Every structure is written in C-alpha cells, then in structure tokens.
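S.K.: Sequence and predicted structure, then a few things I'm wondering about:
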Amino acid sequence: METPTDMEIVQRVQAGDAEAFGLLVHRYSGRLYALAQAVVRDAQRAEDVVQESFIRAYEHLGGFRGASAFATWLYRIAYNRAVGECRRRSFGRIDTESCAVAEEPSDERYDGETVARMRRALERLRPEERALVTLFYEEERSVAEIAQIMDLSLSNVKVRLHRLRGRLRGYMEE
C-alpha cells in the first residue's frame with residue numbers, strides 16, 4: 001500500500017476523518033521536537049511545544065489550503081510556539097539558561113573539542129537564530145521554506161545565514 005501524501009491526509013481530516021491526523025503526528029513529531037528542543041533546550045518544554053503545535057494545527061486545519069507545503073505550515077506553527085515559549089519564560093529577555101542549544105550526541109566526524117566549541121558558539125545565539133541554523137543545517141529545509149516558516153524574505157534568510165556563519169566562526173575561534 002502506498003504511503004499517502006501530506007495533502008491526501010489533510011484532505012481526509014478536513015473531510016471528517018479525525019483519526020487520519022495521527023498519521024501526520026507520527027510523521028512529524030520527531031522533526032518538530034528537534035526544532036523545539038533546539039530553541040527551548042528543555043525536554044519537557046519541547047514536548048509541550050510539539051503537543052501545542054499539533055493541537056493548534058488540528059484546530060486550524062480547516063483553513064489550510066495548500067498554498068505552502070503542509071510541512072512548512074506545521075514548522076511555522078512549531079517555530080512560533082517555541083519562540084513564544086522562550087519569550088514567556090524569560091519575560092522578553094532571552095538567556096542561555098532558559099533557551100539554549102540542545103545537547104546532542106557528538107558527531108563522529110568532529111573531535112570532542114570541536115563539538116564543544118560549536119555548542120558554546122550556538123548557545124550564544126538568540127532562539128530565532130538557533131532555529132534558523134537548525135532548520136537549514138539539521139532539518140535541511142530550503143531557504144524558501146525557511147523564509148515561509150520564519151516569515152522572512154528570501155534575501156533576509158540568506159543574509160542572516162551568511163552573518164550567522166561568520167558569527168559562529170568567530171565564536172568558535174574565541
């Protein structure tokens with residue numbers, strides 16, 4: 001049996017098959033968790049962000065018309081929830097304790113010191129910047145998708161990525 005596309009599942013849910021939404025949850029929960037974890041850096045808060053994102057998506061699925069890919073629409077919801085969670089927790093002030101970079105197993109291509117310097121460099125970024133890095137490098141989203149998710153222009157995403165690369169390089173050299 002062929003795996004249904006996101007749009008086919010969305011259409012089933014919109015037609016009244018609420019059970020079909022579980023397929024989307026299964027398909028995207030891990031990816032949304034990775035994004036939320038990169039922004040909020042707390043497992044429980046990341047799980048809450050993912051759950052809230054799926055609830056919000058389900059509630060507003062009737063208005064989804066496919067102008068963008070379902071994944072892009074869903075990532076935008078999760079991104080907004082994660083950044084909002086950071087803002088609520090820090091009362092408008094982002095600090096590395098409440099919203100830092102997720103601890104992940106080190107990549108075997110890099111030695112431990114390089115990975116540690118990279119983590120310290122990423123911790124110095126604001127949540128929105130970490131989300132941009134996560135979407136581009138870890139989730140391998142295109143610049144166009146990131147622009148939609150983060151409500152930025154294509155050129156703004158490119159400029160921000162360019163500047164972030166330079167800042168991260170500088171932070172790692174410190």
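M.R.: Here it is on my side, so go on.
S.K.: Now do the SS call for residue 28.
M.R.: Under DSSP: H, G, I helix; E, B strand; the rest coil, residue 28 falls in the helix class.
S.K.: thought it was touching residue 74?
M.R.: Yes - contact criterion C-beta atoms under 8 Å: residue 28 and residue 74 qualify, at 5.8 Å. Bear in mind the C-beta positions are built from the backbone N, C-alpha and C, glycine included.
S.K.: State the number of residues packed around residue 66.
M.R.: Using other C-beta atoms under 10 Å, residue 66 has 11 other residues around it.
S.K.: Would you point out the helix or strand in the chain whose mean pLDDT is lowest?
M.R.: Every helix and strand in the chain was compared by mean pLDDT, DSSP states H and E; the lowest is helix 112-123, with a mean of 82.
S.K.: residues of it that come out buried?
M.R.: Neighbour counts over helix 112-123 (16 or more other C-beta atoms under 10 Å) mark 115, 117, 118, 119, 121, 122 as buried.
S.K.: Tell me if I'm right that residue 128 and residue 83 touch.
M.R.: Yes - with contact defined as C-beta under 8 Å, residue 128 reaches residue 83; the gap is 6.0 Å.
S.K.: Roughly how far does residue 41 sit from residue 125?
M.R.: 12 Å (C-beta to C-beta, to the nearest Å).
S.K.: now swap in residue 79 and tell me
M.R.: According to C-beta to C-beta, residue 79 and residue 125 sit 15 Å apart.
S.K.: what's the neighbour count on residue 132?
M.R.: The number of residues packed near residue 132 is 23, by other C-beta under 10 Å.
S.K.: Just the pLDDT at it, thanks.
M.R.: Looking at residue 132, its pLDDT is 91.
S.K.: Can you tell me the closest non-neighbouring residue to it?
M.R.: Setting aside the residues directly before and after it, residue 132 is nearest to residue 160 in space (C-beta to C-beta, 6 or more residues apart in numbering), at 5.9 Å.
S.K.: Contacts only, for that neighbour.
M.R.: By C-beta atoms under 8 Å, 6 or more residues apart in numbering, the residues touching residue 160 are 129, 132, 152.
S.K.: What of residue 168?
M.R.: In this structure, residue 168 makes contact with 118, 121, 122, 125, 133, judged by C-beta under 8 Å, 6+ apart.
S.K.: In this structure residue 76 contacts residue 146, no?
M.R.: No - here residue 76 does not reach residue 146: they are 9.9 Å apart, not a contact under C-beta under 8 Å.
S.K.: Need phi/psi at residue 124.
M.R.: In terms of degrees, to the nearest 10, the main-chain angles of residue 124 are phi -80, psi -10.
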